[in-house]
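In: My questions are about this predicted structure, shown below with the sequence.
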Amino acid sequence: MTNISSLTQLLRETGAQIRFFDMGRRVQKLSLDLFEKIENQQTPYPTPYLQHAWIALMLWNPKNKEQGVAWFLKLPLDEQGFLVQAVRDDLLNRLLKNAGSILQMEENGEAPEDALKDNPFSFKPDQEKMALFHAYSTLTSSQPASKFYENAQEYFSGQKGFDDWQSLGYQGIADLVVRHEKGSNGKILTKAIPLLPDAPFEVLCTCIESIEPSHDLFEALALRTEQTLERGTASANHIAAITRALSNCRNTPRKFELIGKIIDSDFALDPEVIVAVATRCIDALQEPTVLHRFLEKLAIGKAGQAGFSRILSDLMFMPVLRALILMQFRNEERSEELTQAIGEMFGQNFK
């Protein structure tokens, strides 16, 4: 044990199955190889959120899949997006002190529940992300979905119409979406999207952001997005939910066009919508024309100067966006409103 110098090395020694998930902007898988590079400062964290890496670590015994544990870690990053090494070392030391507890997973199948107990970097995911994590964890470890899964399948298949949605459990919807490639689930969701009332559709959207939808599922979302924007009567929360659903679709000209239409609409003046774009649509914002329109709308939005500064601080922490945003700040075609917002954030002498 004295030769162990990294978290991934120690975790591999347990003999357990290991999976990492990013829990920040959305719930998504994070490969063990990538995490190893992150913890050894070979690469910055790819999707920081509020200057932290929000990580779920899942371990289970391959001989007894019901024996497992999950740790949720909020790890601070430095100004370049790299994991703070002192934090990694602190976590490693805590795990080494509980080495016997960790290694017992391989020996007797008991989960090392207390190995990171009371550590200062833990966090509790909100209900939405916890449901998606649970859906991914059971699928990854070949465990059954929750008891709410079949009810969600039945509802979204439209067997009894779409009016009785109050009895739906969020966990069931998350299970159905995460298992969208299983059986006929993808077709069920695709056919349901045009017919769903707003409330269950919004919940569905917040789950779809954590998968990569199929072409057919994207087309159904795109059509409903276009119709909703054309009517112009939806709530800001509804448009924000649609934005989240579109955000993890494959990068196509139509996807960028739809995100652009949302940014160009009056809906983007509402904090809920502009935050959904800022926190989820990172790929779209790497397109200079989309980024320019986003910044212009952010500068005049209802979130005000405080919202402008807070959102931009978060986005500029991402290596892929920082240089692009600075280029837009120096764009001679920027509006007076954007120029003023930049001055308020960085000082009037910003160059």
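Out: Thanks, I have it.

In: Domain map for this protein?
Out: The record's domain split for the chain, according to automatic domain parsing, is 7-108, 127-346.

In: Do me a favour and get the end-to-end distance for the last one?
Out: Distance across domain 127-346, first residue to last, is 36 Å (C-alpha to C-alpha, to the nearest Å).

In: Give me the pLDDT value at A99.
Out: pLDDT recorded at A99 is 59.

In: swap in L132?
Out: 97.

In: does it count as helix, strand or coil?
Out: Of the three states, L132 takes helix under DSSP: H, G, I helix; E, B strand; the rest coil.

In: Same question for the one 4 residues further on.
Out: Applying three-state DSSP to Y136 yields a three-state assignment of helix.

In: Excluding sequence neighbours, find me the nearest residue to it.
Out: Sequence neighbours aside, V178 is the residue nearest to Y136 in space, at 5.6 Å (criterion: C-beta to C-beta, 6 or more residues apart in numbering). (Glycine included, C-beta is placed from N, CA and C.)

In: isn't that neighbour right next to H134, touching?
Out: No: the criterion here is C-beta atoms under 8 Å, and V178 misses it with H134 at 9.2 Å.

In: Name the residue in the two with the higher neighbour count.
Out: V178 (26 against 20; other C-beta atoms under 10 Å).

In: How about the contacts made by that one?
Out: 132, 135-136, 139, 207, 210-211 (C-beta atoms under 8 Å, 6 or more residues apart in numbering).

In: ok, now with 7 Å
Out: Neighbouring residues of V178 by C-beta atoms under 7 Å, 6 or more residues apart in numbering: 132, 135-136, 139, 211.

In: Likewise for Y155?
Out: 165, 168.

In: which SS state does it fall under?
Out: Classification of Y155 by three-state DSSP places it in helix.

In: Quick one, grab the pLDDT at it.
Out: Value for Y155, per-residue pLDDT: 96.

In: got it, and M318?
Out: For M318, the model assigns a pLDDT of 89.

In: Could you tell me how far the closest residue in space to it that isn't next to it in sequence is located from F21?
Out: Residue nearest to M318 in three dimensions, not counting chain neighbours: P48, with 6.2 Å by C-beta to C-beta, 6+ apart. Separation of P48 from F21 (C-beta to C-beta, to the nearest Å) stands at 15 Å.

In: now G260
Out: Counting by C-beta to C-beta - G260 and F21 are separated by 30 Å.

In: Settle it for me: which of those two has more neighbours?
Out: Neighbours were counted for G260 and for F21 using other C-beta under 10 Å; F21 has more, 25 against 16.

In: Quickly find the element holding that one.
Out: strand 17-22 (DSSP states H and E).

In: What pairs with that strand, parallel or antiparallel?
Out: Strand pairing for strand 17-22, determined by DSSP bridges: strand 28-30 (antiparallel), strand 52-61 (antiparallel).

In: Need the contact partners of it.
Out: 11, 27-30, 32, 35, 47, 54-60, 62, 133, 136, 140.

In: Stretch 51-71 too?
Out: Applying C-beta under 7 Å, 6+ apart, the external contacts of stretch 51-71 come out as 11, 14, 16-24, 30, 45, 72-77, 83, 105, 109-113, 116, 133, 137, 141-143, 317.

In: re earlier: show me what the mean pLDDT comes to for the strand holding F21.
Out: 93.

In: and if you look at stretch 223-235?
Out: The average pLDDT for stretch 223-235 rounds to 96.

In: and that stretch, which residues are buried?
Out: Neighbour-count burial for stretch 223-235, counted by 16 or more other C-beta atoms under 10 Å, picks out 224-225, 228-229, 234.

In: just stretch 59-76 next, same as before
Out: 59-61, 67-75.

In: of these, closest to F308?
Out: K74 (25.2 Å; C-beta to C-beta).

In: re earlier: give me the buried subset of the contacts of strand 17-22.
Out: 11, 27-28, 30, 35, 47, 54-60, 133, 136, 140.

In: Out of the residues you listed, which comes closest to E219?
Out: Nearest member of these to E219, counting by C-beta to C-beta, is Q28, at 22.3 Å.

In: Would you mind measuring from that closest one to E209?
Out: Q28 is 9 Å from E209, by C-beta to C-beta.

In: Repeat that for M345.
Out: 28 Å.

In: Who has more neighbours out of the two?
Out: Counted by other C-beta under 10 Å, M345 and E209 do not tie: E209 has more neighbours, with 24 against 15.

In: Would you tell me what helix or strand the closest residue to that one other than its chain neighbours is located in?
Out: Once flanking residues are discounted, E209 sits nearest to R244: 4.2 Å by C-beta to C-beta, 6+ apart. Using DSSP H and E, R244 sits within helix 236-247.

In: Pass me the low-pLDDT residue ranges in the stretch 201-350 of the chain, would you?
Out: The stretch 201-350 of the chain contains residues with pLDDT under 70 at 348-350.

In: redo that, cut-off 90
Out: 318-320, 332, 346-350 (pLDDT under 90).

In: Strands along that one, start to end?
Out: Here the stretch 201-350 of the chain has no strands by DSSP state E, counting those that start in this stretch.

In: hey, where'd the helices end up in it?
Out: 215-231, 236-247, 253-264, 271-280, 282-285, 288-300, 304-315, 319-329, 336-346 (DSSP state H, counting those that start in this stretch).

In: Which one, of these, ends up nearest to K182?
Out: helix 215-231 (13.7 Å).

In: could you say what helices and strands the closest one packs with?
Out: When contacts are defined as 3 or more C-beta pairs under 7 Å, 6 or more residues apart in numbering; DSSP states H and E, helix 215-231 packs onto helix 185-192, helix 236-247, helix 253-264.
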